[in-house]
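Trainee: okay, here's the prediction I keep looking at, along with the sequence it came from:
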Amino acid sequence: MRPEVQVKTEERRQTMKISEMDPHHWQKIAAVSGIAAIGLGTYGFHIFKPEKPVFKEVWQIASLYHLFHTAALLAAPITKRPHVFGGLMTAGILAFSGSCYTAAYLEDRKYSALAPFGGFAFVAGWASLLF
């Protein structure tokens, strides 16, 4: 009878829902995001030399928002709804900073189309702290 209990436990682990995810996983996601933010920021400051200087500024803004919201992501486990806050901050980082990095690197503004959605995700993430 004992092996059946272990099988059910194994099956349950494989079908975990997001709401059952440990809130402290957001700190690991923040760690990965922080490594990326530091690396991309360093690249942008020391190596990235676009033909049009405006794209250097776009890269710097992406880097600033990336790092700032990564730091906020560290607080996700202590919020009332860690998965809502963490998910929105992560979506904002990917959509806003990701599209700005891409637009700057390729020096083409058409790749920044997702930036407004990322900005909205940031605002929604911060607003989620009110409820």
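Mentor: Nice, I can see it.

Trainee: from Val84, how far out is Ser128?
Mentor: Counting by CB to CB, to the nearest Å, the gap between Ser128 and Val84 amounts to 5 Å. Every residue, glycine included, has its C-beta placed from N, CA and C.

Trainee: and what of Phe120?
Mentor: 14 Å.

Trainee: kindly report the same for Ala30.
Mentor: Ala30 sits at a distance of 16 Å from Val84 (criterion: CB to CB).

Trainee: quick one, what contacts the residue nearest the centre of the chain?
Mentor: Central residue of the chain (CA atoms, centre = their mean): Thr90, 2.6 Å from the mean position. If you count contacts by CB atoms under 8 Å, 6 or more residues apart in numbering, Thr90 has them with Ile29, Ser33, Leu73.

Trainee: now those residues in CSV, please, with extra columns for secondary structure, neighbour count and pLDDT.
Mentor: Converted to CSV, these look like this (DSSP: H, G, I helix; E, B strand; the rest coil; neighbours: other CB atoms under 10 Å; pLDDT from 0 to 100):
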residue, secondary structure, neighbour count, pLDDT
Ile29, helix, 18, 97
Ser33, helix, 23, 98
Leu73, helix, 24, 97
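
Trainee: nearest to Ala124, of the residues you listed?
Mentor: Nearest to Ala124 among the contacts of Thr90 is Leu73, at 14.2 Å by CB to CB.

Trainee: neighbour-wise, which of Ala30 and Val84 wins?
Mentor: Neighbours of Ala30 and Val84, each counted by other CB atoms under 10 Å, are more numerous for Ala30; the result is 24 against 16.

Trainee: these two touch, right, the more buried one and Pro77?
Mentor: No - at 9.7 Å, Ala30 does not count as touching Pro77 under the criterion of CB atoms under 8 Å.

Trainee: so what's Gln27 up against?
Mentor: Contacts for Gln27 (CB under 8 Å, 6+ apart) come out as Leu73, Leu74, Ala76, Pro77.

Trainee: again, 7 Å this time
Mentor: Leu74, Pro77 (CB atoms under 7 Å, 6 or more residues apart in numbering).
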